[in-house]
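S.K.: only the shape, not the letters, is given here:
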Ligand SMILES: Nc1nc2c(ncn2[C@@H]2O[C@H](COP(=O)(O)OP(=O)(O)OP(=O)(O)O)[C@@H](O)[C@H]2O)c(=O)[nH]1
Ligand SMILES: [Mg+2]
Ligand SMILES: [Zn+2]
Ligand SMILES: [Zn+2]
Ligand SMILES: [Zn+2]
Ligand SMILES: [Zn+2]
């Protein structure tokens, strides 16, 4: 450029890139997704605030599905093996991913974690992979992990204003679980309003109202997973198959 | 602050783009950030100003952020309009709620000025 005006400043050039700020994460996520689809694994990413009941929902889900299908879990936390140990206590293979400070999982960590889970499985086929994200309702909604379905949990004690306060989590998820509904009498939580607000932002969102304590809604949630395993998911896999 | 995670990813992308173009220094970067992206422009700028000091390649990079408004197109009457309402928007012409987002979700690097 500077050849034209003859100054001896360092030259510069401007490159148009038009790419996502999170391109690297998105590329690895696409690789993961392809990997899961080739292997016939349905991958589910669970996101929520800390303590909304992700691990408890997984425990209940495992109780119902364990003898029916093969389940694996990647547990994301900032520190500790605690959640992975809870899953292993149910007889299901789990790999703990500790981020050492980061408040969300990224797709490269899922890639590594999935390989070490495969190691534990010793050749056994997996039907469903649950990824429990770090408890945080903001960052995880920015980072695609390669999941087929993103599930966001909002628990009754958190309050019904959460969909409006965390729109990105609602808009990027396909399923909303309203958890701890056994506590509804103790909190001013309007289930209908929560559903309405969430659906206004994401009309295709599937919503389940659950309680791990009473078991309410767990059957419907599990039925959703079964339906994905038997129909929709395999159909979409068929298209890309050899 | 999730903008820190984004700023770290942004620093990696800029370093990669500089490398691909055989440049040793990023001078300027222009971002497009949609109002629906969930990214606060000032927070991202603040986070990147801290992150860039870690890498000599980026330490003098200036950032321009173009904030992209939320624009919908009506599925019924086809009108295109901008609105601040990300929750319950309705078409100003026909009151339909069947709206498609045209822009506002951007979280992009538009261009990068490199020393060569
Ligand atoms: N009353 C009630 N309590 C629940 C329910 N589900 C979970 N809890 C309780 O809520 C607390 C947190 O549950 P977890 O399943 O550990 O939550 P989490 O989302 O995995 O938490 P982090 O991984 O730390 O983000 C525990 O004390 C659970 O016993 C429920 O349906 N009803
Ligand atoms: Mg947990
Ligand atoms: Zn010149
Ligand atoms: Zn691999
Ligand atoms: Zn954060
Ligand atoms: Zn209209």
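M.R.: Ah, there it is. Note that the structure is a prediction, hence the values are computed from the model and not measured. Numbering: from 1, shown residues only, chains lettered A, B, ... in the order given. Ligands and ions are numbered 1, 2, ... in the order given.
S.K.: all strands of chain A, in order?
M.R.: A:12-20, A:42-48, A:71-77, A:94-98, A:128-132, A:149-155, A:175-179, A:206-209 (DSSP state E).
S.K.: which residues are contacting the first one?
M.R.: I take that to be strand A:12-20. Residues from elsewhere that reach strand A:12-20 (CB atoms under 8 Å, 6 or more residues apart in numbering or on different chains): A:1, A:26, B:13, B:17, B:21, B:23, B:27-28, B:107-116. Every C-beta, even on glycine, is put in place using the N, C-alpha and C of the backbone.
S.K.: residue A:148 versus the residue in chain B that ligand 2 sits nearest to, what's the distance?
M.R.: Residue nearest to ligand 2 within chain B (CB to the ion): residue B:2, separated by 19.6 Å. In this view, residue B:2 and residue A:148 are 24 Å apart by CB to CB, to the nearest Å.
S.K.: just the helices from chain B, written as ranges.
M.R.: Counting by DSSP state H, chain B has helices at residues B:3-20, B:41-51.
S.K.: sort out which residues of the first one are buried, please.
M.R.: Taking 16 or more other CB atoms under 10 Å in any protein chain shown as the basis for neighbour counts, the residues of helix B:3-20 that come out buried are B:3-7, B:9-14, B:17-18.
S.K.: got JSON lines for these, with pLDDT and distance to ligand 3 too?
M.R.: Formatted as JSON lines, the buried residues of helix B:3-20 follow (pLDDT from 0 to 100; distance: CB to the ion, whole Å):
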{"residue": "B:3", "pLDDT": "92", "distance to ligand 3": "35"}
{"residue": "B:4", "pLDDT": "93", "distance to ligand 3": "37"}
{"residue": "B:5", "pLDDT": "91", "distance to ligand 3": "38"}
{"residue": "B:6", "pLDDT": "95", "distance to ligand 3": "34"}
{"residue": "B:7", "pLDDT": "96", "distance to ligand 3": "31"}
{"residue": "B:9", "pLDDT": "95", "distance to ligand 3": "33"}
{"residue": "B:10", "pLDDT": "97", "distance to ligand 3": "28"}
{"residue": "B:11", "pLDDT": "97", "distance to ligand 3": "28"}
{"residue": "B:12", "pLDDT": "96", "distance to ligand 3": "31"}
{"residue": "B:13", "pLDDT": "97", "distance to ligand 3": "28"}
{"residue": "B:14", "pLDDT": "97", "distance to ligand 3": "23"}
{"residue": "B:17", "pLDDT": "97", "distance to ligand 3": "23"}
{"residue": "B:18", "pLDDT": "97", "distance to ligand 3": "21"}
